[in-house]
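# Need coordinates for the following:
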Amino acid sequence: AAPHCPRPPTRWSYFVRRGKSRRARKRTERCARARDCAMRDAAVDIVAGSAGGVAATLVGHPLDSLKVRMQTEASSATATAASRAARMLREEGATAFARGLGPPLANSCLMNSLMFLTFSEFRRRLPETFAAALFSGAVAGVVT
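Below is the predicted model of the structure:
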C-alpha cells in the first residue's frame, strides 16, 4: 500500500464528521481494497505452498523410507526395491512407510509456503519481464 493510505474507516460517518473530500474517500477505499487483495493473495500462496509440500512429502516419503532401509541393511545388496518393499509391508505393515513422516511434512509445508509467498511478492513488486521473473525465482530459492 502507498504511504498516503490511512487505516480504512469502519463507518461512513468518519468522512462526514471530518469533512473529507470525495477524493479522499475514494483513495481510502482503494487502499483498503488493495490491502485486502494483498492479504488474500498471501493467504492463497501460503495455502498453495502448504498443499504442494504435503503432496510432495506424501508421495516421496515412502520411497525415501525404502531407500534408507535398503542402504542400511547389508543383506539387501542383491535385493530389489520391489522385494524390499514387499518385505517391509509383510513384516511391519503399511505404517513402516509412514514412520517419521511428521518432521519432513512440517519442513516441506513451511519451505514451500515461504517460497511461494516470496516469489509472488517479488513478482508483484517488480515489472513483468523475464529478468524480473528470474530474479524473483532466485530470491525465493535463496530465502528457502
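# low-confidence ranges in this protein?
Across the chain, the ranges flagged by pLDDT under 70 are 1-35, 76-77.
# Give me the most central residue, it.
Centroid-nearest residue in the chain, with C-alpha atoms, centre = their mean: Ser113, separated by 1.7 Å.
# Helices along this protein, start to end?
Listed in chain order, the helices of the chain (DSSP state H) span 13-18, 22-72, 81-92, 102-125, 130-143.
# mind listing what's buried in the third one?
Using 16 or more other C-beta atoms under 10 Å as the test for burial, helix 81-92 gives 84-85, 88. Placement of C-beta: from N, CA and C, glycine included.
# Could you give the separation of it from the chain centroid?
Its chain's average C-alpha position is 33 Å from that of helix 81-92, according to C-alpha atoms, centre = their mean, to the nearest Å.
# In terms of secondary structure, what does that helix contact?
Secondary-structure packing of helix 81-92 (3 or more C-beta pairs under 8 Å, 6 or more residues apart in numbering; DSSP states H and E): helix 22-72.
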